[in-house]
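> below: sequence and its predicted model.
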Amino acid sequence: MMESIACNLCGQSDHRVVYQKPDTKYFPKERFSAVECLNCGLGYVNPRPAFSEMSRYYPVDFYEYFDTDPAAQMKRYRVEASYLKEFARSAEGRKRLLDIGCANGDFPRHMIREGWEVEGVEVSRNSKAIDDFPVYRAPLSRPSDRSALL
């Protein structure tokens, strides 16, 4: 079951489709749309799987995949980190990252090594336990929910 949502950051419903892509690993006949909020610019999947369906889309072997080729994952993390560095805004010399959907925590750990303060959000029970940085295990369903993370 898929659900259409308003922007989790600002609550607005106006968005544009940036691209569509199938889930080539698990559901190749299903297409997902990445959209951009026309009010604040946040990118997100819309429509998205309902919370009750998340474990179907992110099974246990999804999380095990991160351990299959550590060198390839590290290469991807370096690319992602370089992108974030370009857009990072430092408050009092601090670089902070909230990784929503942080999976097993590997990318936030990479960012810690790069000097960032990190926190994560991961709601899947299929992901590995994370105890070396703060992780929130509750879904962010409304823009007002983000205040719990501030």
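Thanks, I have the structure now.
> domain-wise, how is the protein divided?
What automatic domain parsing lists as the domains of the chain is 1-57, 60-150.
> export the ones you listed as TSV, with columns for mean pLDDT.
What follows is the domains of the chain, written out as TSV (pLDDT from 0 to 100):
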stretch	mean pLDDT
domain 1-57	92
domain 60-150	85
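> distance from the chain centre to the strand or helix carrying residue 98, please.
If you go by DSSP states H and E, residue 98 is part of strand 96-100. Centroid displacement of strand 96-100 relative to its chain, using C-alpha atoms, centre = their mean, to the nearest Å, is 8 Å.
> please apply the same query to stretch 11-28.
14 Å.
> now swap in stretch 62-73 and tell me
Remark: stretch 62-73 is offset 17 Å from the chain centroid, using C-alpha atoms, centre = their mean.
> same for the strand holding residue 98, what does it pack against?
Under the contact criterion of 3 or more C-beta pairs under 8 Å, 6 or more residues apart in numbering; DSSP states H and E, strand 96-100 touches helix 106-113, strand 117-121. Placement of C-beta: from N, CA and C, glycine included.
> export the ones you listed as JSON lines, with columns for distance to residue 64 and mean neighbour count.
Output for these, formatted as JSON lines (distance: least, C-beta to C-beta, whole Å; neighbours: other C-beta atoms under 10 Å):
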{"stretch": "helix 106-113", "distance to residue 64": "12", "mean neighbour count": "18"}
{"stretch": "strand 117-121", "distance to residue 64": "18", "mean neighbour count": "18"}
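> nearest to residue 98, out of these?
Across those, residue 98 has its closest neighbour in strand 117-121 (5.3 Å, C-beta to C-beta).
> what are the boundaries of the strands in the protein?
2-3, 15-23, 27-37, 43-45, 48-49, 96-100, 117-121, 135-136 (DSSP state E).
> adding distance to residue 75, write those out as TSV.
Output for those, formatted as TSV (distance: least, C-beta to C-beta, whole Å):
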stretch	distance to residue 75
strand 2-3	32
strand 15-23	21
strand 27-37	22
strand 43-45	22
strand 48-49	28
strand 96-100	18
strand 117-121	20
strand 135-136	24
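> which one of the ones you listed lies nearest to residue 108?
Residue 108 lies closest, by C-beta to C-beta, to one member of those: strand 117-121, at 4.0 Å.
> can you tell which of the helices and strands packed on strand 96-100 is closest to residue 62?
Smallest distance to residue 62 across those (C-beta to C-beta): 13.0 Å, for helix 106-113.
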